[in-house]
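Engineer: Just a sequence and a predicted model for now, questions to come.
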Amino acid sequence: MTTVCVDLMGGDHGPKVRLEACQKFLHHHPDAQLLLVGLPGVLKNWHHDRVTFLECSEMVEMDDSVETALRRKKDSSMRVCIEQVKNGKAHVAVSAGNTGALMAIARYVLKTLDGIDRPAIAGQMPNVTGGATTMLDLGANVDCTPAHLLQFAVMGSALVSVLQNKTNPTVGLLNVGEEVIKGNEVIKKTSELLRAASLAGDLNFYGNVEGNDIFKGTTDIVVCDGFVGNVALKASEGLAWMVGSLLREGFAQSIFTRFAALVSYPVLSRFKRRVDHRRHNGAALLGLQGLVFKSHGAADALAFETALNRAYDAAQNQLLEKVRTRIAHAQNLLADEVKSDALL
């Protein structure tokens, strides 16, 4: 049995949506079991023979500070959930709660892998190929050194190789242009490191990519700092919302706009489905000594089930060991660059 621990609290919609997703997940995965963590009374009459409920006395609110979540709420559903991974009772944890708190608690409880300075958030961005581009970091690290970006590239390669069954996924470095001479000093140095790592067989570096390459699917992975990654993520979510809004408004206006909407509906519907973030929900917190996945706080049942599926696949395919193996292989290059950054 693969055991997934689920934080039922936090997020925008509460336990009801999580439980609906859990029910569907269990139906599709007869070899999985769930540990559900929540406040007393959350389950009420809900039960399943492959579910164990763990009570907690607190929950991390979406507006709680990291200090509050980490230091003052030691019996929160989020922390109890992650502790199940730490003590070996669960293979992976999933939460839709406060992102900053989740990263801080996960890093405190699980610690980072040897060779990793900062964990990163890796998620999927839908692209025109019908698949998705894996992007990291999506917000955990606003300021990054070349060594951090190299670590992200190595970890992202392990993630894609496991979840998309690609043995040698391509890595692109997000920049203001494809040319080697473009970008700031951090990007230029990172580009040199990624080329060296590619020659050493640690990853498959494609080169610099631009923002539109994320949605073209030019590379399997796009590496950037957390500030840029989070902006790109929110922009793509806005695009999906805009398409849905156009579809709704088209049918709510005059007879002429309704006719135009009817004609364009099949095309817009296919496009909306392609950019639908619910079908790519579930970001991995990479670089920890345990598997943790972050669901979008506004996830509905479909989106949260997608996050559960990704977490299950990661555990089934031994993502943690794959990350460890790749990091160990690249350890010499990583260690040299960390020393170089320290001297600067």
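Structural biologist: Yes, it's here. Model, not experiment: these values are computed from the prediction.
Engineer: which stretch of helix or strand covers Phe53?
Structural biologist: Per DSSP states H and E: Phe53 is located in strand 51-55.
Engineer: Adjacent strands (with direction) for that strand?
Structural biologist: Sheet pairing here is set by DSSP bridges, and for strand 51-55 it gives strand 32-38 (parallel).
Engineer: hmm, who's touching the strand it pairs with?
Structural biologist: Defining contact as Cβ atoms under 8 Å, 6 or more residues apart in numbering, one finds that strand 32-38 is touched by 1-9, 15, 18-19, 22, 25-26, 42-43, 48, 50-56, 59, 77, 80-81, 84, 89-90, 312. Placement of C-beta: from N, CA and C, glycine included.
Engineer: Sort out for me which of the residues you listed are in helices.
Structural biologist: With helices identified by DSSP state H, the entries of the contacts of strand 32-38 that belong to them are Pro15, Arg18, Leu19, Cys22, Phe25, Leu26, Ser77, Val80, Cys81, Gln84, Tyr312.
Engineer: Enumerate every residue touching the fourth one.
Structural biologist: Looking back up the chat, that one is Cys22. Cys22 sits next to Val6, Leu34, Leu36, His48, Val51, Leu308 when contact means Cβ under 8 Å, 6+ apart.
Engineer: measure the fifth one to Val92 for me?
Structural biologist: Taken as Cβ to Cβ, to the nearest Å, the spacing of Val51 relative to Val92 amounts to 16 Å.
Engineer: so, if you compare the ones in helices among the contacts of strand 32-38, which one comes nearest to Gly290?
Structural biologist: Top of the list for closeness to Gly290, among these and by Cβ to Cβ, is Gln84 at 9.5 Å.
Engineer: correct me, but that closest one touches Ala93?
Structural biologist: Yes - in this structure Gln84 lies within contact range of Ala93 using Cβ atoms under 8 Å: 6.6 Å.
Engineer: For PyMOL, what selects the buried ones among the contacts of strand 32-38?
Structural biologist: Restricted to buried positions by 16 or more other Cβ atoms under 10 Å, the PyMOL selection for the contacts of strand 32-38 reads:
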select buried, resi 2+3+4+5+6+7+8+9+15+18+19+22+25+26+42+43+48+51+53+54+56+59+77+80+81+84+90+312
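Engineer: Tell me where the model's unsure across the stretch 151-300 of the chain.
Structural biologist: Per-residue confidence for the stretch 151-300 of the chain (pLDDT under 70) gives these ranges: 238-277.
Engineer: change it to 50
Structural biologist: Confidence mapping of the stretch 151-300 of the chain against pLDDT under 50 gives the ranges 268.
Engineer: Please, where are all the helices along it?
Structural biologist: Counting by DSSP state H, counting those that start in this stretch, the stretch 151-300 of the chain forms helices over residues 185-199, 211-216, 226-250, 255-274, given from the N-terminal end onward.
Engineer: Just the buried positions in the first one, please.
Structural biologist: So that's helix 185-199. Neighbour-count burial for helix 185-199, with 16+ other Cβ under 10 Å as criterion, is recorded at Ile187, Lys188, Lys189, Thr190, Ser191, Leu193, Leu194, Ala196, Ala197, Ser198.
Engineer: now, among these, which is nearest to Ala104?
Structural biologist: For the buried residues of helix 185-199, the closest approach to Ala104 (Cβ to Cβ) belongs to Thr190, at 25.6 Å.
Engineer: From Gly207, how far out is that closest one?
Structural biologist: As for Thr190, its distance to Gly207 is 12 Å (criterion: Cβ to Cβ).
Engineer: Pro169 now?
Structural biologist: From Pro169 over to Gly207 the distance is 14 Å, taken as Cβ to Cβ.
Engineer: Repeat that for Phe152.
Structural biologist: Here the criterion is Cβ to Cβ. By it, Phe152 lies 16 Å from Gly207.
Engineer: higher neighbour count, the two?
Structural biologist: When Phe152 and Gly207 are compared on other Cβ atoms under 10 Å, the one with more neighbours turns out to be Phe152, at 33 against 18.
Engineer: just checking, the more buried one touches Val223?
Structural biologist: Yes - here Phe152 reaches Val223: they are 5.1 Å apart, a contact under Cβ under 8 Å.
Engineer: all strands for the stretch 1-150 of the chain, in order.
Structural biologist: 2-7, 32-38, 51-55, 92-95, 120-126, 132-136 (DSSP state E, counting those that start in this stretch).
Engineer: how about the CA coordinates for the last one, as CSV?
Structural biologist: When you say that, I think you mean strand 132-136. Coordinates of each C-alpha in strand 132-136 appear next as CSV, following Å, rounded to 0.1, in the frame of the first residue of the first chain:
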residue,chain,number,x,y,z
ALA,A,132,2.9,20.7,-19.5
THR,A,133,6.2,22.4,-18.9
THR,A,134,7.7,21.8,-15.4
MET,A,135,8.8,25.1,-13.9
LEU,A,136,10.8,25.9,-10.8
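Engineer: one step back: so what sits against both of Phe152 and Val223?
Structural biologist: Here Phe152 and Val223 share the contacting residues Leu136, scored by Cβ under 8 Å, 6+ apart.
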